[in-house]
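Visitor: what's the 3D shape of this:
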Amino acid sequence: MASLLLTITVLFGETIPREDDYVGLRQAGLAEYGIGHYARAEEFIRKALVLTETINNEYEVALSYSALGDIQQAKRQFADAERDYRKAISLLSHHRERSHALATVWRNLAAASTAEGRYGEALAALKEASRLVAKNKVEDPCLNAQILTNLGVIYYHQRKMAKAESSFLRATELQFTANNLLDVDLWQIVNNLGRVYQITRQYAKAEDAYRRSLQLAEVRRGDSDPDLSIVLDNLGSLYAGTGRYQEAKSQFQKSLAILEHSRTSFDAMFMMRTLYGLGALYLRENDAIRAGEMLARAAGVTRGRVLPVEVPEVLDVLDTYAKVLKDLSNSVEAQRLQMEAQRIRASMAYTVRVGNAK
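Guide: Sure thing, here's the model as predicted:
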């Protein structure tokens with residue numbers, strides 16, 4: 001169980017602004033967004049939106065809608081994010097001189113579509129972003145890295161590994177500096193490249209990529225940031241898959257220690273992956289009790305995780321924990337988990353997106 005990294009780009013982002021200062025309100029909202037205070041961020045942005053609509057400033061209205069899209073995406077409300085991004089795109093399309101901002105919003109829309117597994121729509125949005133960058137000669141290596149990284153993530157999920165590798169490698173060749181913690185960073189791209197190498201069984205190259213990614217991440221984020229768990233879990237997955245079980249356990253334990261002591265909020269999927277990795281290793285050691293403890297905590301994270309890109313991992317957790325519960329003679333709870341897994345599979349099988357309905 002491992003993960004790829006995909007980010008979004010915040011447009012034009014701490015003082016408390018005046019109620020009539022729409023630029024200050026938007027910047028305050030972006031500042032709150034940057035530290036994970038989404039409700040407060042949305043409050044500021046919506047106030048800015050009302051002011052900009054009152055004075056009929058299309059560009060500022062578009063920036064507010066783009067910021068709202070970023071917030072909704074962070075809250076995993078992707079339909080709302082897409083709605084707000086498309087409003088921003090509609091407004092920015094009227095202003096040729098705003099091609100840089102427009103390309104950025106198209107790229108962020110692609111990120112929302114990718115998270116929902118709508119890869120065709122995401123590729124179309126990235127194509128438009130790339131067209132705008134090329135046509136208007138936009139000089140933004142960070143945005144180009146974002147576009148290439150998003151392409152690589154899509155190709156990875158489509159199992160087009162040669163294209164994924166090419167996209168990630170091209171992104172690593174760009175000379176760029178992340179402007180803030182929300183921009184794509186080199187350590188994230190190298191981590192993604194490691195996943196491609198692992199899937200294609202180039203294990204030595206995968207390990208080198210993960211170790212380089214970890215070093216870069218520690219320099220960028222420090223040695224206790226919860227994002228380090230992403231790379232540590234990938235290393236653990238690599239070691240477990242190649243029979244280096246003690247080294248795998250060490251990576252997962254480091255990841256768990258970071259997450260359990262973190263004072264920074266993080267996606268609960270990080271914890272689920274770490275706990276699942278440890279649980280699987282305890283199972284291999286025939287330690288059903290400790291495996292059950294880890295998997296029980298992992299299963300607690302699965303509730304409400306219904307994004308297509310997350311479902312395979314959720315099902316792995318539920319199926320594995322159900323087997324452990326059977327071994328521990330807890331057949332009632334095991335059956336409940338099996339039914340939950342069946343419900344998720346049925347939901348995914350019978351859900352047809354509006355765009356695909358005939």
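Visitor: pLDDT weak spots in the stretch 251-358 of the chain?
Guide: 348-358 (pLDDT under 70).
Visitor: make it 80
Guide: Residue ranges of the stretch 251-358 of the chain with pLDDT under 80: 304, 306, 346-358.
Visitor: how about the secondary structure of residue 142?
Guide: helix (DSSP: H, G, I helix; E, B strand; the rest coil).
Visitor: who are the contact partners of it?
Guide: 9, 176-179, 183-184 (Cβ atoms under 8 Å, 6 or more residues apart in numbering). C-beta here means a position set from N, CA and C on the backbone, and glycine is covered the same way.
Visitor: so which of those residues sit within strands?
Guide: Using DSSP state E to define strands, no part of these is located there.
Visitor: from these, which single one is nearest residue 216?
Guide: Closest approach between these and residue 216, by Cβ to Cβ: residue 178, at 10.9 Å.
Visitor: burial count for that closest one?
Guide: 16 (other Cβ atoms under 10 Å).
Visitor: what's the spacing between it and residue 212?
Guide: Taking Cβ to Cβ, to the nearest Å as the measure, residue 178 falls 16 Å from residue 212.
Visitor: element containing the residue of the chain positioned farthest from its centre, please.
Guide: Of all residues in the chain, residue 329 has its C-alpha farthest from the mean position, at 37.2 Å, by Cα atoms, centre = their mean. Using DSSP states H and E, residue 329 maps to neither a helix nor a strand.
Visitor: SS state for residue 163?
Guide: helix.
Visitor: pLDDT score assigned to the closest residue to it other than its chain neighbours?
Guide: Excluding the flanking residues, the one nearest residue 163 by Cβ to Cβ, 6 or more residues apart in numbering is residue 155, at 4.1 Å. Per-residue pLDDT puts residue 155 at 97.
Visitor: give the buried residues for the helix or strand residue 155 falls within.
Guide: Using DSSP H and E, residue 155 falls within helix 141-157. Across helix 141-157, burial judged by 16 or more other Cβ atoms under 10 Å covers 142-157.
Visitor: ditto for stretch 307-325
Guide: 309-311, 313-318, 320-325.
Visitor: distance check, residue 268 against residue 193.
Guide: 26 Å.
Visitor: between the two, which one's more packed in?
Guide: residue 193 (27 against 16).
Visitor: so that one touches residue 166, yeah?
Guide: No - the pair residue 193 / residue 166 is not scored as a contact, 10.4 Å apart, by Cβ atoms under 8 Å.
Visitor: what mean pLDDT does the helix or strand residue 237 falls within have?
Guide: Element membership for residue 237, per DSSP H and E: helix 228-241. When pLDDT is averaged along helix 228-241, the result is 97.
Visitor: and the helix or strand following that helix, what does it pack against?
Guide: Next in sequence after helix 228-241, counting helices and strands by DSSP H and E, comes helix 245-260. When contacts are defined as 3 or more Cβ pairs under 8 Å, 6 or more residues apart in numbering; DSSP states H and E, helix 245-260 packs onto helix 228-241, helix 268-284.
Visitor: what strand or helix carries residue 166?
Guide: Counting by DSSP H and E, residue 166 is part of helix 161-172.
Visitor: what's next to that helix, contact-wise?
Guide: 144-145, 148-149, 151-153, 155-156, 184, 186, 189-190, 192-193, 196-197, 199-200.
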